[in-house]
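Asker: turn this into a structure:
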Amino acid sequence: MYAERLEGPVSGSGNGKGDDDGPPVFPHLRIAGCSACSRYLIEVDMARDARAVPEVDELVALPLDLYASDQGLTKVTPNLMGF
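Answerer: Numbering: from 1, shown residues only. Okay, the predicted model is just below:
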């Protein structure tokens, strides 16, 4: 059960709130987090970017992992780099 979904594209500042004027860095990636178990997954929205390669995009999305970690979440399954 995902009690909380941290949504929205991560902005150039990496804060997910779109505070800066630049385009979103990862418009097709989201953090799906569970407040009950404090775990999260990175979701890749293939409908937003049909060229996405989930294994590669998750590696590039390290700022999302750092943000989720700052929120007290732990990743369900580490990516190929071990994050």
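
Asker: longest helix of this structure, counting residues only.
Answerer: When the chain is parsed with DSSP state H, its longest helix is helix 62-70.

Asker: tell me which other helices or strands that helix touches.
Answerer: The contact analysis (3 or more Cβ pairs under 8 Å, 6 or more residues apart in numbering; DSSP states H and E) places helix 62-70 against strand 29-34, strand 39-44. To be clear about C-beta, it is placed using only N, CA and C from the backbone, and glycine gets the same treatment.

Asker: quick one: least confident helix or strand in the chain?
Answerer: strand 4-6 (a mean of 49; mean pLDDT, DSSP states H and E).

Asker: so residue 59 makes contact with residue 65?
Answerer: No: Residue 59 lies out of contact with residue 65 (Cβ atoms under 8 Å); the separation is 9.8 Å.

Asker: pLDDT weak spots in the protein?
Answerer: 1-22 (pLDDT under 70).

Asker: rerun that using 50 as the cut-off
Answerer: In the predicted model, the chain carries pLDDT under 50 at residues 1-4, 7-16, 18.

Asker: give me every residue that touches residue 69.
Answerer: Residues in contact with residue 69 (Cβ atoms under 8 Å, 6 or more residues apart in numbering): none are found.

Asker: one more: residue 73?
Answerer: Residue 73 touches 31, 33, 38, 39, 40, counting by Cβ under 8 Å, 6+ apart.

Asker: before we move on, the earlier item: what do residue 59 and residue 65 both touch?
Answerer: residue 79.

Asker: in terms of neighbours, single out the busier of those two.
Answerer: residue 65 (20 against 15; other Cβ atoms under 10 Å).

Asker: distance check, residue 37 against residue 79.
Answerer: From residue 37 across to residue 79, the span is 19 Å (Cβ to Cβ, to the nearest Å).

Asker: tell me how far stretch 69-83 lies from the chain's centre.
Answerer: 10 Å (Cα atoms, centre = their mean, to the nearest Å).

Asker: that stretch: end-to-end distance?
Answerer: 10 Å (Cα to Cα, to the nearest Å).
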